[in-house]
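Engineer: One predicted model, sequence on top.
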Amino acid sequence: MDSYTVLFLIFFTLAGIALYFVYLHEKGDRLKEINEGICPKCKNKTIEIVDQRSHGCSGTKEVTIECTNCGYKDSFTISGGGCGSGKCGI
Ligand SMILES: [Zn+2]
């Protein structure tokens with residue numbers, strides 16, 4: 001292996017890690033906005049919950065939201081909620 005290959009590998013590993021953190025960060029920001037009722041696309045407070053289902057005792061909920069202004073639609077899972085701290089888990 002020459003040094004270019006090594007540099008190449010290091011570069012892609014770092015780029016991958018950076019992308020992962022950017023992705024996590026964006027996802028978190030989006031969730032925060034949605035929690036406040038703000039559409040991530042058009043930035044209006046026009047988010048409505050159109051579907052909500054919980055997965056039993058695991059405490060996770062799947063929520064589908066829709067923007068009444070621009071039609072943006074997304075679904076995400078929220079952990080926690082329902083049945084307290086670890087009483088029904090493993
Ligand atoms: Zn919108």
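Structural biologist: All right, it came through fine. Numbering: from 1, shown residues only.
Engineer: Might you calculate how far stretch 43-53 sits from the centre of the chain?
Structural biologist: Stretch 43-53 sits 15 Å away from the centroid of its parent chain (C-alpha atoms, centre = their mean, to the nearest Å).
Engineer: State the mean pLDDT of it.
Structural biologist: Computed over stretch 43-53, the mean pLDDT rounds to 92.
Engineer: what's in contact with stretch 61-77?
Structural biologist: When contacts are defined by C-beta atoms under 8 Å, 6 or more residues apart in numbering, stretch 61-77 is touched by residues 30-31, 34, 39-42, 44, 46-55, 60, 78, 81-82. For every residue, glycine as well, the C-beta is placed using N, CA and C.
Engineer: For the chain, what lies in contact range of the ion?
Structural biologist: Cys39, Lys41, Cys42, Cys67, Asn69, Cys70, Tyr72 (C-beta under 5 Å from the ion).
Engineer: Now the second one: which helix or strand?
Structural biologist: Going back to what we said before, that points to Lys41. Here Lys41, judged by DSSP states H and E, is contained in no helix and no strand.
Engineer: Please state the offset of stretch 72-82 from the chain centre?
Structural biologist: For stretch 72-82 - counting by C-alpha atoms, centre = their mean - the centre lies 8 Å from the chain centre.
Engineer: which of the contacts of stretch 61-77 are buried?
Structural biologist: Buried subset of those (neighbour count, 16 or more other C-beta atoms under 10 Å): Ile34, Cys39, Pro40, Ile47.
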